[in-house]
Structure formats: structure tokens, C-alpha cells
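In: build me a model:
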Amino acid sequence: MVLLSLHGLPPAQIAELPDCHPATVRRWIGRFNAEGLAGLADRPRCGRPRLGGRQLTSRIATLLERPGPWTLPRIRRYLGWPQVSMRTVYRRVRLVAIWPRPKLTARGDPGHDHVVAGIVARLLDLPRRAVVLAGDETHLNLLPHVRASWTPRGRRPQVLTPGTNRKVAVLGAVEVTTGAWVYRLGRRRAAGLIALLDQVLRAFPLAPVIVRVPRRIGARGHPATRT
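Out: The predicted structure is shown next:
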């Protein structure tokens with residue numbers, strides 16, 4: 001606009017080229033005449049500045065190149081708490097990464113209600129001061145389970161581990177009325193279960209009857225075990 005004005009073109013004719021109003025041409029020419037080249041720079045505008053553009057997306061992509069796990073709060077913290085909403089961070093992360101979710105398959109037992117009713121009936125027949133315990137087993141792992149994480153598209157997640165995993169089985173039973181519990185560490189085998197039952201007998205020597213209800217209640221299993 002300024003160069004065309006220096007060549008003698010009027011503002012109305014200059015405005016036809018960029019398809020703007022002649023007043024816009026006069027304003028820019030006036031700013032150049034008053035301030036020179038500095039007057040052509042953008043001035044501060046009202047309203048909140050735009051954030052979360054391509055620069056933020058590029059920073060997120062670079063961050064996800066490092067080993068995770070990466071969650072949205074952790075990504076936002078490592079970015080230095082940018083002044084954008086969590087929803088904006090989520091949209092930008094979705095552009096460059098995926099969140100793989102495990103597929104859970106729930107399996108029901110058609111005889112569950114019948115088995116539970118049988119357990120209740122047998123428990124009601126127990127003598128006074130009988131002990132009822134809920135039994136279960138699990139594993140303790142030296143290495144934690146791999147959790148879900150944002151992963152760059154087209155790449156497999158990499159998890160840094162401190163060494164070889166070691167696993168130990170924990171077998172235990174909890175007395176349902178007092179919360180007293182008995183457990184042992186070992187291997188998941190019949191000998192470990194027999195040793196746990198011996199511990200239960202020693203823990204409740206005065207009980208006339210001890211009943212252990214396993215966690216997995218199925219139509220083909222024994223609902224309760226009397227010792």
C-alpha cells in the first residue's frame with residue numbers, strides 16, 4: 001500500500017487490489033507517515049492470545065519420544081504448565097499419540113446365585129463360635145505392572161525396567177467378622193494351601209468349626225471347606 005501510494009495511486013484505487021476499504025489504506029499510510037517502518041508492525045490486540053497451536057503440538061510430540069508412562073497431567077507438568085485447558089492439551093495429544101486400552105472380557109457364571117444360596121444355607125447351620133474366613137491368593141511382582149500411556153502413533157511403547165522380574169505368591173484368609181487375617185508367602189501350589197490351612201488351625205485353636213470360603217465361587221467347585 002505504501003509503495004503504491006508513493007507511486008501516486010489514490011487510496012480508492014489501492015483498496016481495489018487487496019479488496020479492502022479505502023479507510024484501511026489511509027490508516028496504514030498514515031501510520032507509515034507518522035512512525036515509519038515501525039508503524040507497520042502489528043500492535044497489541046484486545047482479548048486472550050491464542051495458545052495451543054502447532055508449537056504446542058510439536059513440543060508434545062518431542063516429549064512423547066521419551067520413555068513413559070505419559071498421562072495428561074504428567075504431560076502438562078513436563079510442558080511447564082502452559083496456559084491452556086486440559087481439554088486443549090487432550091486435543092493436541094490426540095493429534096500425535098494414541099491411548100491403547102486393554103480389552104476387558106467379563107465372564108459370568110450362570111450358577112452363581114444358586115451357589116451363593118447354598119453357601120448362605122451352610123453358614124446358617126454352623127454352631128456358635130464357628131470361624132468363617134474368606135480365602136484368596138495373589139502375586140507380588142518385583143517389577144510393577146505396565147500401565148496405560150500415551151504412545152506416538154505408529155510406534156510400540158518402550159518401558160525401561162531395572163532388571164529381571166521376580167514373583168512370589170501370597171496366600172491368605174481373612175476372618176469375616178473381626179478382620180483378623182492369616183497369610184503366607186510361597187508358591188502357588190497345593191503344598192502352600194495345605195500349609196496355610198495349618199496356620200489357620202493354629203490361629204483359631206478354640207473354634208469348633210473353621211470354614212474357608214474361596215474367592216472364586218463356581219458351580220463345579222466346593223462352596224466352603226470345613227476343617
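
In: what secondary structure does Asn165 sit in?
Out: At Asn165 the chain is in coil, as set by DSSP: H, G, I helix; E, B strand; the rest coil.

In: got the domain ranges for this structure?
Out: The chain is divided into the following domains under automatic domain parsing: 2-40, 54-98, 112-141+165-226.

In: could I get those in CSV, plus columns for distance to Gln158?
Out: Backbone N, C-alpha and C define where each C-beta goes, glycine included. Compiled in CSV, the domains of the chain are given as follows (distance: least, Cβ to Cβ, whole Å):
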stretch, distance to Gln158
domain 2-40, 50
domain 54-98, 6
domain 112-141+165-226, 16
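
In: so which of those is nearest Pro152?
Out: domain 54-98 (5.1 Å; Cβ to Cβ).

In: and the closest one, how far from the chain's centre?
Out: 14 Å (Cα atoms, centre = their mean, to the nearest Å).

In: give me the low-pLDDT residue ranges for this structure?
Out: For the chain, the stretches with pLDDT under 70 are 43-53, 102-107, 146, 216-227.

In: that older thread, Thr151: which of the domains of the chain is closest?
Out: domain 54-98 (5.8 Å).

In: neighbouring strands for the longest strand belonging to the chain, and are they parallel or not?
Out: The longest strand of the chain (DSSP state E) is strand 131-141. Within its sheet, strand 131-141 is paired with strand 167-175 (antiparallel), strand 210-214 (parallel), according to DSSP bridges.

In: checking Val197 next. Helix, strand or coil?
Out: No, residue 197 isn't Val; it's Leu. Judged by three-state DSSP, the three-state class of Leu197 is helix.

In: Arg128: neighbour count?
Out: Neighbours of Arg128 under the rule other Cβ atoms under 10 Å: 6.

In: SS state for it?
Out: Using three-state DSSP, the structure places Arg128 in coil.

In: just to revisit the earlier point, CA atoms of the longest strand of the chain as PDB?
Out: Provided in PDB are the C-alpha atoms of strand 131-141 (Å, rounded to 0.1, in the frame of the first residue of the first chain):
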ATOM      1  CA  VAL A 131     -15.000 -69.200  62.400                       C
ATOM      2  CA  VAL A 132     -15.600 -68.200  58.800                       C
ATOM      3  CA  LEU A 133     -12.700 -67.000  56.600                       C
ATOM      4  CA  ALA A 134     -12.600 -65.600  53.100                       C
ATOM      5  CA  GLY A 135      -9.600 -67.000  51.200                       C
ATOM      6  CA  ASP A 136      -7.700 -65.700  48.200                       C
ATOM      7  CA  GLU A 137      -4.300 -65.700  46.600                       C
ATOM      8  CA  THR A 138      -2.300 -63.200  44.600                       C
ATOM      9  CA  HIS A 139       1.200 -62.500  43.300                       C
ATOM     10  CA  LEU A 140       3.700 -59.800  44.300                       C
ATOM     11  CA  ASN A 141       5.900 -58.700  41.400                       C
END
